[in-house]
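Engineer: Quick one, fold the following:
(chains A and B)
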Amino acid sequence: MDSSSTHLFAARPGPARRAESAVAWIFRIATYLILACGLFVFADIIWKGAPTVLRSFALTESFPYVTNTFLFEAPETLHVFTYEGEKRELGDTAYRAFREAEIAKAAAAGQPAPRFTPTSYVYAAGGIWPCIVGTVLLVVGSMFIALSLGVASAIYLSEYARDTAFVRFIRLAILNLAGVPSIVFGLFGFAMFVLFFKWNVSLLAGWFTLAFMVLPVVITASEEALKSVPKGFREGSLALGATKWQTIRKNVLPYALPGILTSSILGIARVAGETAPIMFTAAYVVRDKLPWEVEKVGDFFFQGVMALPYHIYVVSSKIPQNDYTQRVQYGTAFVFLGIVALIAASSIILRNKLRGRYKW
Amino acid sequence: MPPASHTPPAPAPSFAIQKERTRFLGLTLDECIQGFFGGNAVVAVIVLGLITLFLFREGSSFFRQNQDNLSIYRQAGLEYVDFIRTQEESHTALTRYLSDLRLRALRHHMDADGLAVADANARLASFDEFAGRFSDAVEPIRGLRSELGDVAVAIKTRHINNLNRIQQRAQLVAAGKPDEAAAVELETIDFAGEIVALTATLPLYEEASGAFATALNEIVATPPPLPTLELTARVARFQELTADYVATFPATIEAMRAWDHTAPVAFSESFTAFIFGREWLTASFWQDWYGVLPLFTGSLLVSMIALTLAVPLGVGAAIYVNQLATPAEQRAIKPTIEFISAIPSVVLGFFGIAVLGEFLRVASGWEWLAWFPGFPFAERLNALTAGCLLGLIAVPTIFTLAEDAINNVPRAFKEASYALGATRLQTIVRIIVPAALSGIISAVLLGLGRVIGETMVVLLCAGNRIAIPDFTAGLSVITQPVHTMTGIIAQEMGEVVPGSIHYRALFVVGLLLFFIALLINFVAQKIVRRYKISVG
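Structural biologist: Model prediction:
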């Protein structure tokens, strides 16, 4: 028997009840629509991009005997042509070798040299190794700068600075700068590092531009993490005779570290994902050599690099959309999305793990 | 007798730190550490200050350069020729009206009368003859404009070449090569003398303009017959429009007569030409215009589309997750939405090009979606495509902040409402949402800030056509291709010469974005602080 219908305060069916459940359903649909859209983007890119990577495994002669031609090779031009009634798609190096061989064969047989009329698609063959390397270099360098400067500033602001009008103004300025569009940071980096300091389009200019872009985020988040450590921890330590620095080192930083770590990982995701700031400060459309294959050590810092986000921009806007180019377009997007998602997911998981750890 | 045992009093135990503090340059270790952290903070602040400084430094001289740009436009007589050009362009607009009319008539013949294309075209022979005469009437004016335009461009080119030589000479002098500097020939351009070649043609133009007016009046006096009443009404409207157009001729002549190439261009004009300029035209053989309005309206249009999608979804989801969802749902949904926010914008832009743009174009052709404004459309990349993707970018921001705001509503509010017998729906709509409204509004504002500063999606998907969207088209404006402030910087910054007026113009656009972002942040913070709930 249904006991709830007899209960005085139980919800009874009626127009109000129906309206309530209708509204709840509308909200529910809105929520799941967002999730569906977001996950569809993920699914589409994984579905069409993963085969590029998975099909590119190849065996090699030397250790480690297996490689991935998409992940570990440089981009090449793709040539599509019909030769002796057979359709071929070859990367630039293979195409040249093939043409030389065929011409030599024809010459040996005393026939006229065969004609090749390929349709070419730039960057559509080969892989994205230089872009992965460039992105990793950009992220590591800029996060090193941003974290050392940002965490130290946050320690000062939260532990040492008195609450003066000036400090409040600094906080406000930092908070506001966090909302400035990334392209504006790109403009700033271009004007200051590329032109004024004459670093040209270089890894160094990219490091500083990206570092300054995330600096406000790192400072704000680190300060928040430091502030959330209870005052009693500091007072207790100071009362026992520890110096200020000892207090911070032993009693504040260890407890604030999880928060700082989370925020910095989010910063990494942001740095890795942004394209606009590096478009004219650090990114080359194409660079034949890897960043460390340089004549002078200085060239490592003063030359641009290829970067995954910029490569996606180039391959999606500068070459046509068709079956031949889809491989590299989706493949690059897949690898990039994978890297960024991995970073973001680790930050979210880490935070959820550490959230319940310290209770005070 | 000496005291038996006189022990000296034991020294009082000292709690003071015995060890001398290590000092570097007169500072204790702690002071050094404090100095280190303080120094870092100072560096950070200086850096953040530098951003503003450099944007201003690069952008500030734009307005002076634009003033020069506009004065050359006037001095070389390009402005004078543009009077005639405007007249010509209005005529072109009228011819477009005629072609639209022809299309309607043709459709009528084919659909209502069931004629084949060739027959329908034959029916419109008299109309074609009429339209042909109408569009040919402008020829004398066009010829005159083209001749005068050549003269004006020649003056401008000479002036600019001369400026370049002056610069070259200054550089040589600075490099300590006075002889070579002296060898650079300069010329003094007698604008007054040169401009006479233009202004002297005024009587010629007056004559041509008069003949043009007579010709137009004559042509439109005998309109061709058209099949339906509706089309005949349109012809009458066309006659009216032409009459209005002809009526503007004397004013044009008056303006040309009053035109003075020596009239100074005020500094404020350079400013208004940027803020209210309706054209962004660069690397043109005629005249470069740096008007931010097309870019600003484009940014605004795309952002509005994005917010229209994102605000209901984001706020709805925030209410659902905080108030209605089960704990298991909450645990799953919140990280997922955060995860969505991690999708890099360039990937979304690529998705727009590869999937969404094509999908929307196909969808716009479906019968049952024909009611949607602007459907069907042919351009794959337009404001709608970009707006949808930007909506997906704004949703996580709005969701997270709005959910926070709702979460911060004191529990007592909810409990009191239930205690008074309100239903769950009443509590949400009347109590919780109003209490969290300030937070929700600031969430929406920050979402707007996120969207308006987004670059890659609009650069890849908005269509990049530099023109003010045609708002007269009503809601179907959303399917037009647009260009945006962020997009133009990303697109053109790599190609400009540093220090040129174009380069500086892009910095001023950047400054504008900077201030818009600051304003949005400021307002959002103000709203939160102003309407903070205080319980007590």
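Engineer: count of residues packed around the closest residue to chain B within the stretch 51-200 of chain A?
Structural biologist: As assessed by Cβ to the nearest Cβ, chain B sits closest to A:Pro181 within the stretch 51-200 of chain A, at 2.6 Å. In short, each C-beta sits where N, CA and C put it, glycine included. As a burial measure, A:Pro181 scores 25 neighbours (other Cβ atoms under 10 Å in any protein chain shown).
Engineer: Alongside chain A, which residues does the stretch 51-200 of chain B contribute?
Structural biologist: When proximity is defined by Cβ under 8 Å from any Cβ of the partner chain, the stretch 51-200 of chain B lies next to chain A at B:Ile51, B:Phe54, B:Leu55, B:Arg57, B:Glu58.
Engineer: Low-confidence regions, the stretch 151-300 of chain B specifically.
Structural biologist: By pLDDT under 70, the stretch 151-300 of chain B contains no weakly predicted segment.
Engineer: rerun that using 90 as the cut-off
Structural biologist: B:151-273, B:275, B:277-279, B:281-289 (pLDDT under 90).
Engineer: give me the residue from it nearest chain A.
Structural biologist: Closest point on the stretch 151-300 of chain B to chain A, by Cβ to the nearest Cβ, is B:Ser299, at 10.5 Å.
Engineer: dump the residue contacts of that residue.
Structural biologist: Residues near B:Ser299 by Cβ atoms under 8 Å, 6 or more residues apart in numbering or on different chains: B:Ile452, B:Val458, B:Thr484, B:Met485, B:Thr486.
Engineer: which ones are touching B:Ile488?
Structural biologist: B:Trp280, B:Leu295, B:Ile466, B:Leu506, B:Val509.
Engineer: How many residues are close by the fourth one?
Structural biologist: B:Leu506 is flanked by 26 other residues according to other Cβ under 10 Å.
Engineer: residues contacting it?
Structural biologist: A:Leu187, B:Ile488, B:Ile489, B:Glu492, B:Met493, B:Val496.
Engineer: can you give me the helices in the stretch 251-360 of chain A?
Structural biologist: For the stretch 251-360 of chain A, helices defined by DSSP state H, counting those that start in this stretch occupy the ranges A:253-273, A:276-279, A:297-302, A:308-317, A:323-355.
Engineer: Tell me if the first one is near chain B.
Structural biologist: Yes. Helix A:253-273 comes into contact with chain B (Cβ under 8 Å from any Cβ), by way of A:Ala269, A:Ala272, A:Gly273.
Engineer: Checking the closest residue to the second one other than its chain neighbours next. Helix, strand or coil?
Structural biologist: Read that as A:Ala272. Excluding the flanking residues, the one nearest A:Ala272 by Cβ to Cβ, 6 or more residues apart in numbering or on different chains is A:Val139, at 5.1 Å. Using DSSP: H, G, I helix; E, B strand; the rest coil, the structure places A:Val139 in helix.
Engineer: Which positions in the stretch 251-400 of chain B make contact with chain A?
Structural biologist: Counting by Cβ under 8 Å from any Cβ, the residues of the stretch 251-400 of chain B close to chain A are B:312-314, B:316-317, B:319-321, B:324-325, B:333, B:335-340, B:342-351, B:353-355, B:392, B:395, B:399.
Engineer: Report pLDDT for B:Arg534.
Structural biologist: Careful, residue B:534 is Ser and not Arg. At B:Ser534, the model reports a pLDDT of 58.
Engineer: Now do the contacts for the residue in chain B positioned nearest to chain A.
Structural biologist: Residue nearest to chain A within chain B: B:Gly453 (2.6 Å; Cβ to the nearest Cβ). For B:Gly453, the contact set (Cβ under 8 Å, 6+ apart) comprises A:Gly179, A:Val180, A:Pro181, A:Ser182, A:Ile183, A:Val184, B:Thr486, B:Leu513, B:Ala517.
Engineer: re earlier: just to be sure, the residue of the stretch 151-300 of chain B closest to chain A is in a strand?
Structural biologist: No. Using three-state DSSP, the assignment for B:Ser299 is helix, not a strand.
Engineer: name the element residue 162 belongs to?
Structural biologist: Assuming you mean chain A. Under the criterion DSSP states H and E, no helix or strand holds A:Arg162.
Engineer: wrong chain, I was asking about chain B
Structural biologist: Going by DSSP H and E, B:Asn162 is part of helix B:139-174.
Engineer: got the buried residues for the helix or strand following that helix?
Structural biologist: For helix B:139-174, the following helix or strand on the C-terminal side (DSSP H and E) is helix B:178-183. Residues B:Ala181 are the ones in helix B:178-183 that count as buried (16 or more other Cβ atoms under 10 Å in any protein chain shown).
Engineer: Helices of the stretch 401-536 of chain B, start to end?
Structural biologist: Using DSSP H, counting those that start in this stretch, the helices assigned to the stretch 401-536 of chain B run over residues B:411-419, B:424-426, B:433-452, B:456-461, B:485-492, B:501-530.
Engineer: Just name the most buried of those helices.
Structural biologist: helix B:456-461 (a mean of 31; mean count of other Cβ atoms under 10 Å in any protein chain shown).
Engineer: Show the average pLDDT along that helix.
Structural biologist: So the average pLDDT for helix B:456-461 ends up being 93.
Engineer: CA atoms of that helix as CSV?
Structural biologist: This file holds the C-alpha atoms of helix B:456-461, laid out as CSV (Å, rounded to 0.1, in the frame of the first residue of the first chain):
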residue,chain,number,x,y,z
MET,B,456,41.2,31.9,-32.3
VAL,B,457,37.5,30.8,-32.6
VAL,B,458,36.5,34.1,-34.3
LEU,B,459,39.6,34.2,-36.4
LEU,B,460,38.9,30.8,-37.8
CYS,B,461,35.1,30.7,-37.8
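Engineer: Please see if it touches chain A.
Structural biologist: Yes. Using Cβ under 8 Å from any Cβ, helix B:456-461 comes into contact with chain A via B:Met456, B:Leu459, B:Leu460.
Engineer: so who does the residue nearest to A:Ser264 when sequence neighbours are not counted touch?
Structural biologist: Leaving aside its sequence neighbours, A:Ser264 sits nearest to A:Leu147 (Cβ to Cβ, 6+ apart; 5.7 Å). Taking Cβ under 8 Å, 6+ apart, we find A:Leu147 in contact with A:Val218, A:Ser264, A:Gly267.
Engineer: ok and the helix or strand that contains A:Leu147 relative to helix A:323-355, angle-wise?
Structural biologist: Here A:Leu147, judged by DSSP H and E, is contained in helix A:129-155. Interaxial angle, helix A:129-155 versus helix A:323-355 (axes from the mean of the first three to the mean of the last three Cα atoms, to 10 degrees): 30 degrees.
Engineer: Let me see the mean pLDDT of helix A:129-155.
Structural biologist: 91.
Engineer: Show me what from the stretch 401-536 of chain B comes close to chain A.
Structural biologist: B:423-425, B:428, B:446, B:449, B:452-456, B:459-460, B:486, B:489-490, B:493-494, B:498, B:506-507, B:510, B:513-514, B:517-518, B:520-522, B:525.
Engineer: just to revisit the earlier point, select, out of the helices of the stretch 401-536 of chain B, the one closest to A:Ile348.
Structural biologist: helix B:433-452 (19.2 Å; Cβ to Cβ).
Engineer: just checking, what packs against that closest one?
Structural biologist: For helix B:433-452, the elements it packs on are helix B:293-319, helix B:383-407, helix B:501-530, judged by 3 or more Cβ pairs under 8 Å, 6 or more residues apart in numbering or on different chains; DSSP states H and E.
Engineer: Give the full set of residues in contact with residue 135.
Structural biologist: Chain wasn't specified; assuming chain A. A:Thr135 neighbours (Cβ under 8 Å, 6+ apart): A:Ala272, A:Ala307, A:Leu308, A:Pro309, A:Phe336, A:Ile339.
Engineer: Wait, chain B was what I had in mind.
Structural biologist: B:His91, B:Thr95, B:Leu98.
Engineer: can you do 6 Å?
Structural biologist: Neighbour list for B:Ser135: B:Thr95 [criterion: Cβ atoms under 6 Å, 6 or more residues apart in numbering or on different chains].
Engineer: before we move on, what about B:Leu148?
Structural biologist: B:Val81, B:Leu198.
Engineer: Quick check, pLDDT for it.
Structural biologist: So B:Leu148 comes in at 83 (pLDDT).
Engineer: That concludes my questions; thank you for your assistance.
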